[in-house]
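Peer 1: Turn this into a model:
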Amino acid sequence: MTANDDVQVFEAEHIDNTGLNSGCAGAFVQSFGHALIQAPIDGVREVVNTLSGTKIVPKVELVKTPPKAEISTPEWEAQRFGTGAGLIAGLIILSKLLSRR
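Peer 2: All right, here's what the predicted structure looks like:
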C-alpha cells in the first residue's frame, strides 16, 4: 500500500476547439462551411419535420454554427463574407445540378 505522497495525479490538458475561429481566415472558413453544408441540411430537416408533423429527421450537425463575432470587427466582416460566399457557392452547385438533364 502506498501513501498519498507517492501517488501522482495527472490532469488532462484542455484542448481549445475554437482555434479554427481565431482570426479572420478561420471566421471566413467556418461561416463558408456552415452556409454551404449545414444550412441546407437544417432547411431540409425543418421542411420534412414540419410537413410530417413529427420529428422524423433528427438533428445532424456536420459544421458547428460559428460563434457570433462582435459587430464591425474584422472577424464579423469575415463571417458575413464567408456566409455570402457559401450561399453563392451553394446556388452555383444547385444550378449546375439542375441544368444537367
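Peer 1: which SS class is T50?
Peer 2: helix (DSSP: H, G, I helix; E, B strand; the rest coil).
Peer 1: swap that for A69, sorry
Peer 2: Secondary structure state of A69, per three-state DSSP, is coil.
Peer 1: Now it: phi and psi?
Peer 2: phi -90, psi 160 (degrees, to the nearest 10).
Peer 1: before we move on, what about L62?
Peer 2: phi -90, psi -40.
Peer 1: which residues in this structure form helices?
Peer 2: Here the chain has its helices, by DSSP state H, at 23-33, 39-52, 74-99.
Peer 1: Of the ones you listed, which is nearest K64?
Peer 2: Across the helices of the chain, K64 has its closest neighbour in helix 23-33 (7.5 Å, C-beta to C-beta). For the C-beta atoms, the positions are set from N, CA and C on the backbone; glycine is no exception.
Peer 1: hmm, back to that, save the helices of the chain as JSON lines, and put in mean pLDDT, mean neighbour count and distance to K59 too.
Peer 2: Below are the helices of the chain laid out as JSON lines (pLDDT from 0 to 100; neighbours: other C-beta atoms under 10 Å; distance: least, C-beta to C-beta, whole Å):
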{"stretch": "helix 23-33", "mean pLDDT": "93", "mean neighbour count": "20", "distance to K59": "17"}
{"stretch": "helix 39-52", "mean pLDDT": "94", "mean neighbour count": "13", "distance to K59": "7"}
{"stretch": "helix 74-99", "mean pLDDT": "95", "mean neighbour count": "14", "distance to K59": "20"}
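Peer 1: Could you dump those helices into CSV and include distance to E61?
Peer 2: Shown next, in CSV, are the helices of the chain (distance: least, C-beta to C-beta, whole Å):
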stretch, distance to E61
helix 23-33, 12
helix 39-52, 8
helix 74-99, 16
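Peer 1: Nearest to L62, out of those?
Peer 2: helix 39-52 (6.8 Å).
Peer 1: How about residues contacting that closest one?
Peer 2: The contact list for helix 39-52 (C-beta atoms under 8 Å, 6 or more residues apart in numbering) reads K55, I56, V57, P58, K59, V60, L62, G86, L87, G90.
Peer 1: cool, and stretch 69-79?
Peer 2: N21, G23, C24, A25, A27, F28, Q30, S31, P66.
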